[in-house]
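[1] sharing a sequence plus its predicted fold:
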Amino acid sequence: MENSYSKNLAFLLLATLFISTSGVLGKYIAMPPEAIILFRALFASSFIYLFCKIKKVDLSIHAKKDKISFLISGVFMGAHWVTYFYALKLSNVAIGMLSMFTFPIMTAFLEPFFTKQKLSLTHVFLGILVLVGIYFLVPDFSIENNQAKGILFGIFSALCYSLRNLITKKSVTNYDSSAIMLYQLIVVTIILLPVLFISDISNLESQLPFLVLVALLTTAIGHTMLVNSLQHFSVATASIIGSIQPIFGIIIAYFFINEIPNKNTFIGGSLILLTVIIESLRSKK
């Protein structure tokens, strides 16, 4: 039991590390956010489809209600990614990632509407602690300020991400995690196809290596691992433990694009990290 929990927790943290690369890649790739997400979904779905074929994963959909579930969760995932990348473009990796991490408290409040779990006061407290951490990262708020706009995009992205995870949770016991990701990625790809005709993708060739990287590392590997982790953790628990993602993202941004966090970033990041430690210990019990 001890080894099983440690293995599942390590798996979730590794998934979080892979997903954390989206911050730097989203900021660095010189294309409109909706174009990045289109190619991210297109390439990632290709990778996962090949994986499913090699591993002989069952890709059949068992019921009509599951089709509707995959459609809705795919829409929310696409909206989450596009608005998140707008948050990164308008602000920086630290602000973009941390504003999106209001989603644990949203999940804590929303999960009782999707499952039989009761609202956990512990989750609410930890979610509030995350918000306090984010407070230290927010600059002077002004709607004219690009960073403030980035924060608003990040918060909306958080809502979409929370809803996507809660809807996905209902499918993890009946479908392979790779299959679930494939269905959602196909939905995102189809919805964003018009981007090919309305966005500037003239520099696609030069950005191709980075698009492949975000599709393979962040999406095909990281998000599939996250979906798999929902078999072992509640969505609220996985969300709060996943709050370590901005810490990973800030560290990666420091080394690869020389974004240096200020004092408030360290204070806010420390509070977020504290919630991860508390929830890891609490969920183990």
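    Noted; the coordinates are in hand.
[2] what distance separates stretch 25-44 from the centre of its chain?
    Its chain's C-alpha centre and that of stretch 25-44 lie 14 Å apart, by C-alpha atoms, centre = their mean, to the nearest Å.
[3] for stretch 66-79, same thing?
    Using C-alpha atoms, centre = their mean, we find the averaged C-alpha position of stretch 66-79 to lie 15 Å away from the chain's own average C-alpha position.
[4] identify the residues contacting it?
    With C-beta atoms under 8 Å, 6 or more residues apart in numbering as the contact definition, stretch 66-79 has outside contacts at 37, 41, 61, 156-157, 160-161, 163-164, 167-168, 170-171, 174-175, 180, 183-188, 191-192. From N, CA and C alone the C-beta is placed, and that goes for glycine too.
[5] go again with 7 Å.
    When contacts are taken as C-beta atoms under 7 Å, 6 or more residues apart in numbering, the neighbours of stretch 66-79 outside the stretch itself are 37, 61, 160, 163-164, 167-168, 170-171, 183-184, 187-188, 191-192.
[6] ok, the residues you listed vs Ile105, which is closest?
    Of all those, Leu163 has the smallest distance to Ile105: 13.8 Å, by C-beta to C-beta.
[7] so how many other residues sit close to the closest one?
    Other residues within reach of Leu163, judged by other C-beta atoms under 10 Å, total 22.
[8] could you do Lys53 as well?
    Residues lying near Lys53 (other C-beta under 10 Å) number 10.
[9] what helix or strand is it on?
    Mapping Lys53 onto the secondary structure by DSSP states H and E places it in helix 33-54.
[10] so the following helix or strand past that helix versus helix 33-54, what angle?
    Note on helix 33-54: by DSSP H and E, the next helix or strand toward the C-terminus is helix 64-90. Computed by axes from the mean of the first three to the mean of the last three C-alpha atoms, to 10 degrees, the angle separating helix 64-90 from helix 33-54 equals 140 degrees.
[11] okay, buried residues for helix 64-90 please.
    With burial defined by 16 or more other C-beta atoms under 10 Å, the residues of helix 64-90 counted as buried are 66, 69-90.
[12] now do the helices in the stretch 151-285 of the chain.
    177-192, 195-198, 204-213, 224-229, 235-241, 245-256, 263-284 (DSSP state H, counting those that start in this stretch).
[13] what bits of this protein have low per-residue confidence?
    1-2, 137-144, 283-285 (pLDDT under 70).
[14] hmm, try it at 90
    1-9, 22-28, 62, 91-152, 169-174, 200, 226-228, 230-285 (pLDDT under 90).
[15] hmm, who's touching the helix holding Lys53?
    When contacts are taken as C-beta under 7 Å, 6+ apart, the neighbours of helix 33-54 outside the stretch itself are 26, 29, 59, 78, 81-82, 85-86, 89, 178-179, 181-182, 185-186, 188-189, 192, 195, 199, 201, 211-212, 214-216, 219-220, 224.
[16] ok, stretch 88-96 next?
    The contact list for stretch 88-96, computed with C-beta under 7 Å, 6+ apart, reads 23-24, 26-27, 33, 84, 87, 137, 146-147, 149-151, 153-154, 246, 249-250, 253, 259, 261, 265.
[17] for burial, what's the neighbour tally of Ala158?
    The number of residues packed around Ala158, counting by other C-beta under 10 Å, is 24.
[18] gap between the closest residue in space to Asn264 that isn't next to it in sequence and Ile240?
    Leaving aside its chain neighbours, Asn264 sits nearest to Phe136 (4.3 Å; criterion: C-beta to C-beta, 6 or more residues apart in numbering). Counting by C-beta to C-beta, to the nearest Å, the gap between Phe136 and Ile240 amounts to 18 Å.
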